[in-house]
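> Let me see the structure of the following:
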Amino acid sequence: MSNNNDYDISDSKDCETYINQFIQDFTIRSAEIGKGTIIKRALPSRQKRLVGAWCFLDHAGPVSFPAGDGLDVGPHPHIGLQTFTWMIEGTMMHTDSLGSKQLIRPKQVNLMTAGHGISHTEVAPDTETKMHAAQLWIALPDDKRDMQPDFQHYPELPTVVKDQVEFTVLVGDFLDTVSPVQVHTPLLGVDLTAQADTKTRIPLNPKFEYAFMALEGTARVNGHELNADNMVVLETGLTEIEVEINSANRVLLIGGEPFESPILLWWNFVGRTREDLDQAREDWINHSTRFGEIPDYQGKRLEAPVLPEQMRASK
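A predicted model of the protein is given here:
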């Protein structure tokens with residue numbers, strides 16, 4: 001940890017005061033999707049638009065439902081981003097315009113790279129009765145945002161145990177453990193699951209900003225309560241942080257270098273200009289080959305909403 005003339009960081013109280021200068025708490029929104037599935041949307045928000053290149057974060061469930069009543073999201077388009085799905089409980093079928101068809105199971109990741117353009121569906125199997133997942137979007141950097149689309153499935157992610165916490169490394173390098181998930185900016189994603197009531201100190205990259213979200217139960221981040229209704233955000237500059245978490249509780253940690261460019265995020269698109277979004281919307285409406293087709297899906301495509309008059313770039 002770097003020194004600061006205002007605090008003696010060898011004293012625990014002064015050290016906590018120093019660290020708390022880098023920490024903010026944000027309330028997150030709740031919404032209902034599908035048939036009674038509650039989501040908690042942490043990103044984007046008015047207080048925080050991105051964490052590194054992470055530009056969207058939804059926590060869905062946990063929820064139980066009758067067989068046949070699970071999530072059914074029809075064909076919809078994406079540009080300029082990667083969709084990242086971390087499945088905790090239940091299963092979901094991903095189908096896209098590249099011809100990919102992949103069932104995601106617990107402790108697995110689906111990573112879809114939209115680039116220039118792709119469309120996909122997300123449908124719970126008819127026999128499924130549970131869902132608990134985190135879905136995130138990653139903004140592609142300027143030199144990759146128009147790349148060819150791709151899809152990758154990661155059935156196994158590396159884990160490491162420290163201080164009775166199991167850390168699953170979803171993205172990046174953590175505790176000398178590297179995820180195989182391929183992204184295009186310096187990023188971190190880690191699932192923390194407590195094996196007992198415990199405290200642990202987590203190493204941080206001072207070039208990264210970070211955010212914590214509770215996925216099951218609660219936790220404390222340097223004394224700041226983390227629960228289902230808030231997100232704890234760390235600014236760049238810290239080299240470690242203390243997390244207190246009770247047995248069987250679960251926390252998601254994301255981080256990354258502040259993103260290189262302001263972005264425009266609207267509907268399912270990430271662009272740089274209003275023209276990017278206008279063109280993508282028109283291409284979707286006109287069934288452009290840019291987004292392909294998903295002939296196996298029995299149902300309607302999602303309709304593009306009207307673009308708002310005023311749009312604010314996010315960074």
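> what about the strands in the stretch 151-300 of the chain?
159-162, 165-171, 173-174, 177-178, 187-194, 198-203, 209-216, 219-221, 224-226, 230-234, 240-245, 250-256, 264-266, 269-271 (DSSP state E, counting those that start in this stretch).
> pLDDT wise, what is G34 at?
Looking at G34, its pLDDT is 61.
> hang on, I meant K13
Note on K13: pLDDT of 56.
> Also the one 10 residues further on?
Here the pLDDT value assigned to I23 is 94.
> I'd guessed R274 sits against L264; true?
Yes - using Cβ atoms under 8 Å, R274 is in contact with L264, at 6.9 Å. Where you see a C-beta, it was placed from the backbone N, CA and C, and this is true even at glycine.
> okay, and the common contacts of these two?
Among the neighbours of R274, those also in contact with L264 (Cβ atoms under 8 Å, 6 or more residues apart in numbering) are M311.
> how about TSV for the strands of the stretch 151-300 of the chain, with mean pLDDT, mean neighbour count and distance to R49 added?
Converted to TSV, the strands of the stretch 151-300 of the chain look like this (pLDDT from 0 to 100; neighbours: other Cβ atoms under 10 Å; distance: least, Cβ to Cβ, whole Å):
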stretch	mean pLDDT	mean neighbour count	distance to R49
strand 159-162	98	14	31
strand 165-171	98	22	19
strand 173-174	98	18	24
strand 177-178	98	13	28
strand 187-194	98	23	16
strand 198-203	97	15	24
strand 209-216	98	24	11
strand 219-221	98	22	21
strand 224-226	96	18	20
strand 230-234	97	24	11
strand 240-245	97	19	22
strand 250-256	98	24	13
strand 264-266	97	20	8
strand 269-271	98	24	11
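> Out of the ones you listed, flag the one nearest A114.
A114 lies closest to strand 269-271 among the strands of the stretch 151-300 of the chain, at 8.1 Å (Cβ to Cβ).
> So which of the strands of the stretch 151-300 of the chain is nearest M147?
Minimum separation from M147 across those (Cβ to Cβ) falls at strand 269-271, 12.8 Å.
> still on that earlier bit, let me have the strands of the stretch 151-300 of the chain in CSV, adding distance to D126 as columns.
Supplementary listing: the strands of the stretch 151-300 of the chain in CSV, determined by distance: least, Cβ to Cβ, whole Å:
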stretch, distance to D126
strand 159-162, 32
strand 165-171, 29
strand 173-174, 37
strand 177-178, 37
strand 187-194, 28
strand 198-203, 40
strand 209-216, 26
strand 219-221, 36
strand 224-226, 36
strand 230-234, 34
strand 240-245, 36
strand 250-256, 28
strand 264-266, 33
strand 269-271, 31
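> Nearest to V51, out of those strands?
Here strand 209-216 is closest among the strands of the stretch 151-300 of the chain (Cβ to Cβ), at 4.5 Å.
> helices and strands around the closest one, which ones?
For strand 209-216, the elements it packs on are strand 37-43, strand 54-64, strand 130-139, strand 224-226, strand 230-234, strand 250-256, judged by 3 or more Cβ pairs under 8 Å, 6 or more residues apart in numbering; DSSP states H and E.
> give me that answer again for 6 Å
Judged by 3 or more Cβ pairs under 6 Å, 6 or more residues apart in numbering; DSSP states H and E, strand 209-216 is in contact with strand 230-234, strand 250-256.
> Reformat those as JSON lines; add distance to K162.
Shown next, in JSON lines, are the helices and strands packed on strand 209-216 (distance: least, Cβ to Cβ, whole Å):
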{"stretch": "strand 230-234", "distance to K162": "19"}
{"stretch": "strand 250-256", "distance to K162": "13"}
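> Now do I241 against I294, distance only.
Separation of I241 from I294 (Cβ to Cβ, to the nearest Å): 43 Å.
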